[in-house]
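# sequence below, structure please.
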Amino acid sequence: MKYIGFPLLLIIAALSACGLRPVYSGGASGAVAGTLQSVSVDPIEGKSGWLVRNALNDRLTASGQADTKYRLTVKLDDNIEGLGVRADDTVTRERRTLRARYQLIDVETGKILLDATAGSDAGIDVVSSEYATIAGENSALENLSQRIADQISARLALYASQQK
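Next comes the predicted model:
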């Protein structure tokens, strides 16, 4: 057996006493996972909404559909703006921004349990090929949708862990 050393043992002991606990304790049968599985995601408008809703469903109902106790409503703001401009007024760089305002609602009471926002942005090079630029914009939207879903599901998990 390898000698660990006194300083490492002190660090391990300090970390175990600091009150940190895993969010997903209990795994798929834990309280947080159970709460996340009982969230249904309302339809979200547009292509970005379709992408975000699918990503959220992948994260929230990964191990099966439980009884719906909560409803998640999401409103998105998808914006593309030109940043880099040449002397001839052509755009060379764009920024795509995706923002979400979401609410977790108790199905039985209709009470809003959580009202929060999430957002992310991505840079896109504008090239001479219109097809390549559109492909870049679509790729950015797909990546942003995943990031937004990650932020929302992490915030829902934190909420669920605080309710235990």
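# over to residue 43. Which of the three states is it?
Here residue 43 is recorded as coil under DSSP: H, G, I helix; E, B strand; the rest coil.
# again, but for residue 146
helix.
# ok, the one 4 residues further on next?
Reducing the assignment at residue 150 to three states with three-state DSSP gives helix.
# next, the contact list for it, please.
For residue 150, the contact set (CB atoms under 8 Å, 6 or more residues apart in numbering) comprises residue 59. Yep, even glycine has a C-beta here, placed from its N, CA and C like the rest.
# change it to 10 Å
Applying CB atoms under 10 Å, 6 or more residues apart in numbering to residue 150 gives the contacts 55, 56, 59, 118, 120.
# need the pLDDT of it.
Note on residue 150: pLDDT of 95.
# and if you look at residue 36?
pLDDT for residue 36: 86.
# so for residue 58, what's the pLDDT?
At residue 58, pLDDT is 91.
# the one 5 residues further on now?
Per-residue confidence for residue 63 comes out at a pLDDT of 48.
# please renumber the chain so that the first residue is 57 from this point on.
Noted, 57 is the first residue going forward, which turns the last one into residue 119.
# re earlier: now render the contacts of residue 206 as a markdown table, adding secondary structure, neighbour count and distance to residue 134.
Shown next, in a markdown table, are the contacts of residue 206 (DSSP: H, G, I helix; E, B strand; the rest coil; neighbours: other CB atoms under 10 Å; distance: CB to CB, whole Å):
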| residue | secondary structure | neighbour count | distance to residue 134 |
| --- | --- | --- | --- |
| 111 | helix | 20 | 14 |
| 112 | helix | 24 | 16 |
| 115 | helix | 19 | 20 |
| 174 | strand | 21 | 13 |
| 176 | strand | 18 | 11 |
